[in-house]
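Novice: got a predicted structure plus its sequence, pasted below:
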Protein chains: 2
Amino acid sequence: MKFSNINLLEELARPELAPLLSAFHERRYARQAIVFSPQYDDDLAEQETQKPREDNFVFIVKSGLVRIYLSYGDREFTIALLKPGDLYVSHSNAFVQVLEDAVLLLLDTPTFNRCMMTIPEFTVSIVRVLGGMLKSSFSIIDGLALRDVTVRLARLLIDLAHENDDNSQERLIRLPLSGEMLAQTLGTSRQTISTLLTDFTRLGILQKEQRGLYRILDENRLRELLH
Amino acid sequence: MKFSNINLLEELARPELAPLLSAFHERRYARQAIVFSPQYDDDLAEQETQKPREDNFVFIVKSGLVRIYLSYGDREFTIALLKPGDLYVSHSNAFVQVLEDAVLLLLDTPTFNRCMMTIPEFTVSIVRVLGGMLKSSFSIIDGLALRDVTVRLARLLIDLAHENDDNSQERLIRLPLSGEMLAQTLGTSRQTISTLLTDFTRLGILQKEQRGLYRILDENRLRELLH
DNA sequence: ATTCGTCTGTCAGCTACCCGACAAAAGGAC
DNA sequence: GTCCTTTTGTCGGGTAGCTGACAGACGAAT
């Protein structure tokens, strides 16, 4: 769901990275805007013989919410949601969409490559971000290949509960997306998410406060679902 | 299946990277050896509060075949097979196992971090490798979340056919793993792989030459299965 | 307050694939 | 050649989850 804990806005606020920050171009996008749409080719084997893409890009979310997702026909799978401070490096055929009005700091590829050679601190940050993206991707693969939807949903709920640590006494979870969008994040259908949330409620693990807002009544039992 | 096209052995052969090459320690492993076994904790939410792992590591495969995989109970999912020249940076709870006697060039974390700050060429190579790993991971996620097993197998076969470009007239595919291991790479069961290979054979797409060796009779029809 | 569009819960039929099991085939060791 | 282990192909029953559909709930706009 989220790629990395590194806040690039804080990193770029450091004085030695000031020239780098000035190289980014600020751009505004309205909600639902598709920032990046890959030239998707179903024939994956041909990718090896294609020229390297010249329109790779890097951006940092300054404000808003951005979704990284894969798409095939009418099916979509959300890989990550990016919040302010998050950086994304495009290396694949993933779509980029703004879910809430956003401001992005964009960096063109030649500048990106030059900065990597001349500003080691930046490059190390990029490595850390890529490492976080990789770890998150492995976790997604683990969920899809080795677990079932119940575990994936339980994981999401626990993650969300911990993101709202200021509500730690209440254990309230505000689902950041509609059921349909959550389903796309967990690789399942909206109906299954609805069914499972109802199951968790009947089991006394959750209590629905209102649409999209749940209270965790028994976190230990939620954690038991992880096994 | 494979992470990146970058051959680090060739990269490290460049004169300016000689000090870096000398920092690697050479280590031998017998087939089946587990090189790295994570302290796997089922409770993923706790990972945010854990100390950073001190035993992250980097290695380059000098010879042999190495498998990167995830494991849960008796289920396993293979993320990648590394061949000579491939580099792996551990950032997650993946296992590392030697499938064929291997020689690895290992780099400890402090040296790794120091070299990243002092040798920009190395850092850029790391970024490119991580980018390749990420792209490959996205492709795996795409296959697991948005496609079915037929597509995943067809992709694998096409990839393998293109890796053996020296046999381009023959379109012979030597499966590098047993049916069971292939199933673990595609997130399915051995029986399903067997059934699908038989289906492809009955459809006139493949012809079985011997165990583990197939000829592609109709590559266009194999590619049609990708849609 | 009303209307409309989106979201949600539920249902029943369907399906892609799993799983345990067994027999046959294949390859390697002796 | 024999023996043993691993691999492979096949079968039939079972299941996690999908899918289309419908009605109700909810929130925003007017």
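Specialist: Right, received. Where do you want to start?
Novice: where does the residue nearest to A:Thr185 when sequence neighbours are not counted fall, phi/psi-wise?
Specialist: Spatial nearest neighbour of A:Thr185, excluding adjacent residues (CB to CB, 6 or more residues apart in numbering or on different chains): A:Thr78 at 4.3 Å. Backbone N, C-alpha and C define where each C-beta goes, glycine included. Main-chain dihedrals, A:Thr78, degrees, to the nearest 10: phi -80, psi 120.
Novice: so what's A:Thr78 bridging to?
Specialist: Beta-bridge pairing of A:Thr78 under DSSP bridges involves A:Tyr69.
Novice: so who does it touch?
Specialist: With contacts defined as CB atoms under 8 Å, 6 or more residues apart in numbering or on different chains, A:Thr78 is in contact with A:67-69, A:181, A:184-185.
Novice: most widely separated two among those?
Specialist: The most widely separated members of those are A:Ile68 and A:Met181, with 13.0 Å between them, by CB to CB.
Novice: tell me which of these two has more neighbours.
Specialist: Set A:Ile68 next to A:Met181 and count neighbours by other CB atoms under 10 Å in any protein chain shown: A:Ile68 wins out with 23 against 18.
Novice: quick check: buried residues in the longest helix along chain A?
Specialist: Assignment by DSSP state H gives helix A:120-146 as the longest helix of chain A. Using 16 or more other CB atoms under 10 Å in any protein chain shown as the test for burial, helix A:120-146 gives A:122-146.
Novice: residue nearest the centroid of chain A?
Specialist: A:Ala80 (1.7 Å; CA atoms, centre = their mean).
Novice: what residues are up against the residue in chain A positioned nearest to DNA strand C?
Specialist: As assessed by CB to the nearest atom of the strand, DNA strand C sits closest to A:Gly179 within chain A, at 3.0 Å. The contact partners of A:Gly179, by CB under 8 Å, 6+ apart, come to A:190, A:193-194.
Novice: which parts of chain A are strands?
Specialist: Secondary structure of chain A (DSSP state E): strands at A:25-29, A:34-36, A:58-72, A:75-82, A:87-89, A:95-107, A:172-174, A:206-210, A:213-216.
Novice: can you add distance to A:Thr150 and mean pLDDT and give those back as CSV?
Specialist: Conversion of those to CSV gives the following (distance: least, CB to CB, whole Å; pLDDT from 0 to 100):
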stretch, distance to A:Thr150, mean pLDDT
strand A:25-29, 35, 92
strand A:34-36, 32, 89
strand A:58-72, 23, 93
strand A:75-82, 18, 94
strand A:87-89, 30, 90
strand A:95-107, 26, 92
strand A:172-174, 16, 87
strand A:206-210, 13, 91
strand A:213-216, 15, 92
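Novice: if I read this right, A:Leu153 contacts A:Thr198, doesn't it?
Specialist: No. Using CB atoms under 8 Å, A:Leu153 is not in contact with A:Thr198; the gap is 11.7 Å.
Novice: up against DNA strand D, what does chain A have?
Specialist: When proximity is defined as CB under 7 Å from any atom of the strand, chain A approaches DNA strand D at A:148-150, A:187-189, A:191-192, A:210-211.
Novice: nearest to A:Arg171 among those residues?
Specialist: Nearest member of those to A:Arg171, counting by CB to CB, is A:Gln210, at 15.5 Å.
Novice: check contacts around A:Ile141.
Specialist: A:Ile141 sits next to B:70, B:77, B:79, B:137, B:140-141, B:144 when contact means CB under 8 Å, 6+ apart.
Novice: domain map for chain A?
Specialist: Residue ranges for the domains of chain A, per automatic domain parsing: A:8-146, A:149-224.
Novice: span of the longest one from start to end?
Specialist: Meaning domain A:8-146. This stretch, domain A:8-146, spans 33 Å end to end (CA to CA, to the nearest Å).
Novice: do it and DNA strand C come into contact?
Specialist: No. On the criterion CB under 7 Å from any atom of the strand, domain A:8-146 is out of touch with DNA strand C, staying 9.4 Å away.
Novice: circling back to that earlier point, from the contacts of A:Gly179, which would you call buried?
Specialist: For the contacts of A:Gly179, a burial check counting by 16+ other CB under 10 Å picks out A:Ile193.
Novice: can you give me the distance of A:Gly79 to B:Ile119?
Specialist: Just so we're on the same page, residue A:79 is Ile rather than Gly. Distance, A:Ile79 to B:Ile119, by CB to CB, to the nearest Å: 31 Å.
Novice: ditto for A:Ile173
Specialist: Going from A:Ile173 to B:Ile119 by CB to CB gives 45 Å.
Novice: ditto for A:Ala145
Specialist: Distance, A:Ala145 to B:Ile119, by CB to CB: 36 Å.
Novice: check A:Gly204 too.
Specialist: 57 Å.
Novice: of these two, who's got more company?
Specialist: Counted by other CB under 10 Å, A:Gly204 and B:Ile119 do not tie: B:Ile119 has more neighbours, with 18 against 10.
Novice: identify the residues contacting the residue nearest to that one when sequence neighbours are not counted.
Specialist: Computed as CB to CB, 6+ apart, the closest residue to B:Ile119 that is not its neighbour in sequence is B:Leu20, at 5.8 Å. Applying CB under 8 Å, 6+ apart to B:Leu20 gives the contacts B:12, B:115, B:119, B:122.
Novice: A:Asp218: which of those residues is nearest?
Specialist: In terms of CB to CB, no member of those lies closer to A:Asp218 than B:Cys115, at 48.6 Å.
Novice: quote the end-to-end distance of stretch A:29-36.
Specialist: Using CA to CA, the gap from the first to the last residue of stretch A:29-36 comes to 11 Å.
Novice: same thing with stretch A:212-227?
Specialist: 26 Å.
Novice: with stretch A:10-21 instead?
Specialist: First-to-last distance for stretch A:10-21 - CA to CA - comes to 11 Å.
Novice: buried stuff in it?
Specialist: Under the neighbour-count criterion of 16+ other CB under 10 Å, stretch A:10-21 has A:11-12, A:17, A:20 buried.
Novice: returning to that earlier point: which of the contacts of A:Ile141 sits closest to A:Val89?
Specialist: Nearest to A:Val89 among the contacts of A:Ile141, counting by CB to CB, is B:Ser137 at 13.2 Å.
Novice: check what pLDDT the residue nearest to the closest one when sequence neighbours are not counted gets.
Specialist: Excluding the flanking residues, the one nearest B:Ser137 by CB to CB, 6+ apart is A:Ser137, at 3.8 Å. With respect to pLDDT, A:Ser137 scores 94.
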